[in-house]
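Engineer: output the structure for:
(one chain, ligands or ions: 1)
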Amino acid sequence: MTGEPVTGRRHVVVVGAGPAGLAAADAALAAGAQVTLIDTAERPGGQYHRMLPEAYGATDPGVLQHGYRSFDRRVRRVLGHPRCSWWAESSVWALERRDAPDTADVAHVPGSAGDGPPLVHVLSGTPRRRHVLEPDALVLAAGAHDRVLPFPGWDLPGVYTAGAAQALAKGERVAVGDRVAVAGTGPFLLPVATSLLEAGSRVLEVLEAGRPGALAGGWLRRPWELGSQLGKSGELLSYAAELGRHRVPYRLGRAVVEARGDGRVEEIVTARVRADWSVVPGSERVVAVDAVCVGHGFTPRLELPVAAGCALRPLSAESPAGSPSEVFVEVDGDQRTSRPGVYAAGEITGIAGAPASRAEGAVAGWIAAGGAPESRALATLRANRDRGRAFAARLAAAHPIGRNWPGWLRPDTVICRCEETTYAAVCRSAVDPTRTEPGVAKLATRAGLGPCQARICGPTVAELRRGGDTGAGPHHRPVAEPIRLGELARPPEPPPGSSEPSAHPDSPVEESTS
Ligand SMILES: Cc1cc2nc3c(=O)[nH]c(=O)nc-3n(C[C@H](O)[C@H](O)[C@H](O)COP(=O)(O)OP(=O)(O)OC[C@H]3O[C@@H](n4cnc5c(N)ncnc54)[C@H](O)[C@@H]3O)c2cc1C
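Structural biologist: Predicted coordinates:
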């Protein structure tokens, strides 16, 4: 890790080294900025390019990756750049607005420090040390985590989020079970099932809760536009072919509505569901499994944008009404958020896949670094980004969450696993006139007060309370990553190291097409 920005250059801090953050760092370097790239993980790549740990000594790490070569080229270019400071295993635990209420009196002159991006509080190294960065521009590319709807028995050992199962399979070569079912909604179920097969599991079936009508309505609407999204469509077809080769059934309109077992999952109950995801009576079927992986889309990681004060927008106006908590960071055509000097890219602006994240990241990084907005290469990136957004709208329309999924729940079904808050407790608080305030309801039910700080249950509780906790509510976490009191008590240290300036090229870097 090297550190301090060189005076005279724009210092761009990029949070997240997934497809979006890496592309942002690459473009910001190309535009001549000093870049600090920060990620909690040991290696860059984010969720899409999840790599085996270095200790595994993989001889061909690309074999498990789509688009590995262009990713690897970009990693080498960015991390090896003399103006890039790569902070691995470092977490941004807080953003401090310079126009915060206690400094507002002196900070309201337009163009003053109060209009700049927030201070970036980072925990880094072993033992962890506190640093505070004061960037000229901040690119947020924190990605998403997978969303899981609760059902009776979902808290049994052996029930995995699809993302966790994939992380174990792809990132550790660990199979979560021998007889595994994959269920939920969205195209993400396909790569998860493929990763499980590669790790040695027998995948019994993939259950997509969406019905054929919704899928056709989303995916086949304006089919000629799919041609411009060939990269992502081709990737999905390759997963489907792999499942076909292993004779894994892909069933539409079916969901896992219960998991049962003595101490761990032994069987699941699957059922046909209607368009609103209510169960068709008599369609239940019991399947013996030793693991089940469930995913119902993604929740953007919004705590940093919320802390920075960025405006949020609801899920695409075109898509059917979704959860009240389905919100993303609002950005303009240059990936600017509503906060001066703060840019956003990737899944936090909409769930659109890795190619769109890369395009957004490149636009954000280039503009954040002060690159010319009219550059020709930027026009291509913007076009790629817009195609990605169209893909996101298609995805949202094809895989909406049916509003009647709470019909799967029983009064004693656990909603918040950290605090063991039940469905009955959440329902009681929703109708209690003294607990209409989300904060009061949270204290009363304790849902969201545990270690995950509502990352898992937050959107679900917001939805069950229907309108009681909308917008930024479930994402408001002033402390984005856990910090020990001892660490908090120690004063921050200056960023370590320094790096050399280099030439100032005049166009954004080429965008990978994979
Ligand atoms: C669990 C999971 C698995 C997925 N698997 C696939 C797949 O197999 N195929 C596919 O097409 N798409 C997959 N996706 C979707 C895929 O993640 C995106 O299309 C793409 O990776 C998004 O890129 P991104 O840069 O926006 O976010 P990400 O790739 O998620 O990268 C965000 C990065 O930000 C870092 N970060 C977040 N918060 C902080 C912080 N406070 N401090 C420091 N660093 C931080 C994270 O560690 C992460 O590396 C998956 C998504 C998830 C959530």
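
Engineer: next, work out how far apart Pro150 and Gly261 are.
Structural biologist: Relative to Gly261, Pro150 is positioned 16 Å away (CB to CB, to the nearest Å). C-betas here are computed from N, CA, C, even on glycine.

Engineer: wait, I meant Leu133
Structural biologist: For Leu133, the distance to Gly261 - CB to CB - is 48 Å.

Engineer: the two: which is more packed in?
Structural biologist: Taking other CB atoms under 10 Å, Leu133 and Gly261 do not tie; Leu133 has more neighbours (23 against 17).

Engineer: contacting residues for Ala33?
Structural biologist: Counting by CB atoms under 8 Å, 6 or more residues apart in numbering, Ala33 touches 9-12, 83, 137, 368-370.

Engineer: and Pro451, by the same measure?
Structural biologist: 418, 482.

Engineer: mind doing that once more with 7 Å?
Structural biologist: By CB atoms under 7 Å, 6 or more residues apart in numbering, the contact list for Pro451 reads Cys418.

Engineer: helix, strand or coil for it?
Structural biologist: Using DSSP: H, G, I helix; E, B strand; the rest coil, the secondary structure recorded for Pro451 is coil.

Engineer: can you list the weak-confidence ranges in the stretch 401-514 of the chain?
Structural biologist: Residues of the stretch 401-514 of the chain meeting the criterion pLDDT under 70: 435-438, 466-473, 497-514.

Engineer: make it 80
Structural biologist: 430-444, 465-476, 496-514 (pLDDT under 80).

Engineer: and the stretch 151-300 of the chain, which of its residues are near the ligand?
Structural biologist: Residues of the stretch 151-300 of the chain found near the ligand (CB under 6 Å from any ligand atom) are 163, 166, 188, 191, 298.

Engineer: can you check the chain too?
Structural biologist: By CB under 6 Å from any ligand atom, the part of the chain that sits against the ligand consists of 15-21, 38-41, 46-48, 91-92, 141-146, 163, 166, 188, 191, 298, 301, 304, 346-347, 353-354, 357, 480-481.

Engineer: let me see the domain layout of the chain.
Structural biologist: 11-144+299-398, 149-295, 409-465 (the TED database).

Engineer: of the ones you listed, which is nearest Arg490?
Structural biologist: Arg490 sits nearest to domain 11-144+299-398 of all those, at 6.2 Å, using CB to CB.

Engineer: what's the average pLDDT for that closest one?
Structural biologist: Averaging pLDDT along domain 11-144+299-398 gives 86.

Engineer: which stretches of the stretch 401-514 of the chain form helices?
Structural biologist: For the stretch 401-514 of the chain, the helices defined by DSSP state H, counting those that start in this stretch cover 423-431, 438-445, 458-464, 485-489.

Engineer: in helices, which of the residues of the stretch 151-300 of the chain next to the ligand fall?
Structural biologist: 163, 166, 191 (DSSP state H).

Engineer: which one of these is nearest to the ligand?
Structural biologist: Gly163 (2.6 Å; CB to the nearest ligand atom).

Engineer: distance of that closest one from Ile367?
Structural biologist: Counting by CB to CB, the gap from Gly163 to Ile367 is 30 Å.

Engineer: those two: who's more crowded?
Structural biologist: Taking other CB under 10 Å, Gly163 and Ile367 do not tie; Ile367 has more neighbours (26 against 20).

Engineer: ok, back up a step: out of the helices of the stretch 401-514 of the chain, deepest packed?
Structural biologist: Sort the helices of the stretch 401-514 of the chain by mean neighbour count, taking mean count of other CB atoms under 10 Å, and helix 458-464 sits at the top with a mean of 25.

Engineer: now that one, how far from the centre of its chain.
Structural biologist: Counting by CA atoms, centre = their mean, to the nearest Å, helix 458-464 is centred 17 Å from the centre of its parent chain.

Engineer: then stretch 205-218?
Structural biologist: Computed by CA atoms, centre = their mean, the chain-centroid distance of stretch 205-218 equals 22 Å.

Engineer: measure that stretch end to end?
Structural biologist: Start-to-end span of stretch 205-218 (CA to CA, to the nearest Å) is 23 Å.

Engineer: which other residues reach it?
Structural biologist: Residues outside stretch 205-218 that contact it (CB under 7 Å, 6+ apart): 181-185, 189, 193, 243, 248-256, 270, 273, 275, 277, 394, 397-400, 402.

Engineer: so which bits of that stretch are buried?
Structural biologist: 205-211, 214-215, 217-218 (16 or more other CB atoms under 10 Å).

Engineer: likewise stretch 307-316?
Structural biologist: Under 16+ other CB under 10 Å, the buried positions of stretch 307-316 are 307-310, 312, 314-316.

Engineer: what does stretch 395-412 give?
Structural biologist: Buried, per 16+ other CB under 10 Å, within stretch 395-412: 395-403, 405-406, 408-409.

Engineer: which residues does that stretch contact?
Structural biologist: Residues from elsewhere that reach stretch 395-412 (CB under 7 Å, 6+ apart): 149-152, 185-186, 209-210, 214-215, 217-219, 221, 257, 273, 275-279, 296-297, 315-316, 318-320, 322-323, 351, 422-424, 464.

Engineer: between the buried residues of stretch 395-412, which is nearest Ala291?
Structural biologist: Nearest to Ala291 out of the buried residues of stretch 395-412 is Trp408 (CB to CB; 19.5 Å).

Engineer: and that closest one, how far is that from the ligand?
Structural biologist: To the ligand, Trp408 is 23 Å away according to CB to the nearest ligand atom, to the nearest Å.

Engineer: the closest residue to Ser90 other than its chain neighbours: how many residues sit nearby?
Structural biologist: In space, Ser90 comes closest to Ser124 once its chain neighbours are excluded; the distance is 3.6 Å by CB to CB, 6 or more residues apart in numbering. Residues near Ser124, counting by other CB under 10 Å, number 21.

Engineer: may I have the phi/psi pair for Ala307?
Structural biologist: Phi and psi for Ala307, reported as degrees, to the nearest 10, are phi -60, psi -30.

Engineer: can I assume it is in contact with His476?
Structural biologist: No - using CB atoms under 7 Å, Ala307 is not in contact with His476, being 8.3 Å away.

Engineer: contact partners for Ala356?
Structural biologist: By CB under 7 Å, 6+ apart, the residues touching Ala356 are 385, 388-389, 391-392.

Engineer: please identify which helix or strand holds it.
Structural biologist: Element membership for Ala356, per DSSP states H and E: helix 354-368.

Engineer: what do you get for Cys293?
Structural biologist: Taking DSSP H and E as the definition, Cys293 sits inside strand 291-296.

Engineer: other SSEs contacting that strand?
Structural biologist: Identification of packing neighbours for strand 291-296 by 3 or more CB pairs under 7 Å, 6 or more residues apart in numbering; DSSP states H and E yields strand 159-161, helix 162-172, strand 179-185, helix 189-199, strand 254-260.

Engineer: pairing partners for that strand, with directions?
Structural biologist: When sheet partners are counted by DSSP bridges, strand 291-296 sits next to strand 159-161 (parallel), strand 179-185 (parallel).

Engineer: helices of the stretch 251-400 of the chain, start to end?
Structural biologist: Along the stretch 251-400 of the chain, the stretches classed as helices by DSSP H, counting those that start in this stretch are 303-308, 354-368, 376-398.

Engineer: likewise the stretch 1-150 of the chain?
Structural biologist: Remark: helices assigned in the stretch 1-150 of the chain by DSSP H, counting those that start in this stretch are 19-30, 68-79.

Engineer: phi, psi of Gly448?
Structural biologist: Backbone torsions of Gly448, given as degrees, to the nearest 10, read phi 100, psi 0.

Engineer: isn't it up against Ile456?
Structural biologist: No - under the criterion of CB under 7 Å, Gly448 makes no contact with Ile456, lying 9.1 Å away.

Engineer: ok, the two, which is more surrounded?
Structural biologist: The residue with more neighbours, out of Gly448 and Ile456, is Gly448; 28 against 22, by other CB under 10 Å.
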